[in-house]
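Trainee: one predicted model, sequence on top.
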Amino acid sequence: MASINYERNRKYFTPVSYKPGVISIVIGVIVMLFGGIAIVIGLALAALGGVLIYRQVADRPTDLEIDRQVRAIIEELASVALKRLGLEPSEVDLIPPVLVGGNSFDSGSRVKRGKDGVLRSSDCEGVVIFFGDQELHAFKGGASLVRQESREHTDVYFYRDVVSVSTTTEKVRVPVEGSPEVLLEQFRLTTSGGTNITCSMSSTGSTKEKDIHGARALIRKKKLQLS
């Protein structure tokens with residue numbers, strides 16, 4: 001399991017409010033002007049203001065650290081998926097598995113714009129698809145960066161039932177002031193029964209575009225063999 005410091009990550013997604021600390025410092029300075037014992041009280045108030053500010057800004061993860069945690073969660077999904085699906089690697093080795101994932105902008109997610117201008121979410125998700133002789137085995141997992149919470153879903157599809165494997169760019173609404181929508185690249189697998197597997201691709205794990213092309217080619221080949 002990827003190492004996640006939930007308490008530290010909560011600092012990243014919690015906006016810094018300098019107001020209480022600044023007010024305490026200003027009041028402290030004013031009090032010190034009265035001299036005498038007031039100097040001690042003023043220094044204490046100023047010190048308290050400094051502590052209030054420091055506690056918010058100290059030990060906050062960087063954008064890069066958050067990205068690394070998301071990638072670590074996604075990259076370990078393949079081994080987790082094999083266990084959950086009850087598979088051996090030799091059973092699903094026709095082609096490398098498709099592994100995609102990234103930030104998940106759900107309604108309950110915390111969202112922050114990093115120093116690099118990129119929007120990041122407190123939740124992430126990933127999809128792994130393995131390819132056997134007769135079937136595709138799919139695993140979708142999600143995790144939170146700010147609380148010990150995860151979700152998993154598994155499914156199996158026959159090749160003949162797969163309609164398409166595609167990547168799209170869609171607008172997703174996010175709870176960030178001044179940025180109501182973000183363009184999010186997504187992976188989608190659609191079946192004839194109307195079932196869809198969708199997943200963010202903001203951090204694509206080990207999968208390259210050629211792996212998705214390879215999956216499409218294999219599915220076409222299998223469907224032709226069955227027709």
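Mentor: That came through, no problem.

Trainee: hmm, which helix or strand of this protein has the shakiest average pLDDT?
Mentor: In the chain, no helix or strand scores lower on mean pLDDT, DSSP states H and E than helix 37-57, which sits at a mean of 79.

Trainee: so what's the gap between that helix and the chain middle?
Mentor: 37 Å (C-alpha atoms, centre = their mean, to the nearest Å).

Trainee: and it, which residues are buried?
Mentor: Using 16 or more other C-beta atoms under 10 Å as the test for burial, helix 37-57 gives 42, 45, 46, 48, 49, 52, 53, 56. Yep, even glycine has a C-beta here, placed from its N, CA and C like the rest.

Trainee: contacts for the helix or strand following it next, please.
Mentor: Later in the chain than helix 37-57, the nearest helix or strand by DSSP states H and E is helix 63-75. Taking contacts as C-beta atoms under 8 Å, 6 or more residues apart in numbering, the residues outside helix 63-75 that touch it are 2-4, 9, 12, 99-103, 114-116, 118, 120, 124, 126, 143, 145, 203, 205-206.

Trainee: residue contacts, residue 132?
Mentor: Contact partners of residue 132, counting by C-beta under 8 Å, 6+ apart, are 87, 91, 92, 94.

Trainee: list just the nearest of those residues to residue 26.
Mentor: Distance to residue 26 across the contacts of residue 132 (C-beta to C-beta) is lowest for residue 87, with 63.2 Å.

Trainee: surely the closest one meets residue 138?
Mentor: No - contact criterion C-beta atoms under 8 Å: residue 87 and residue 138 do not qualify, at 11.5 Å.

Trainee: which neighbours do those two share?
Mentor: Common neighbours of residue 87 and residue 138 (C-beta under 8 Å, 6+ apart) are residue 130.

Trainee: so for the two, which sits in the more crowded spot?
Mentor: Taking other C-beta atoms under 10 Å, residue 87 and residue 138 do not tie; residue 138 has more neighbours (21 against 15).

Trainee: is the more buried one in a helix, a strand, or coil?
Mentor: Using DSSP: H, G, I helix; E, B strand; the rest coil, the secondary structure recorded for residue 138 is strand.

Trainee: ok, it to residue 127 distance?
Mentor: Computed as C-beta to C-beta, to the nearest Å, the residue 138 to residue 127 distance reads 7 Å.
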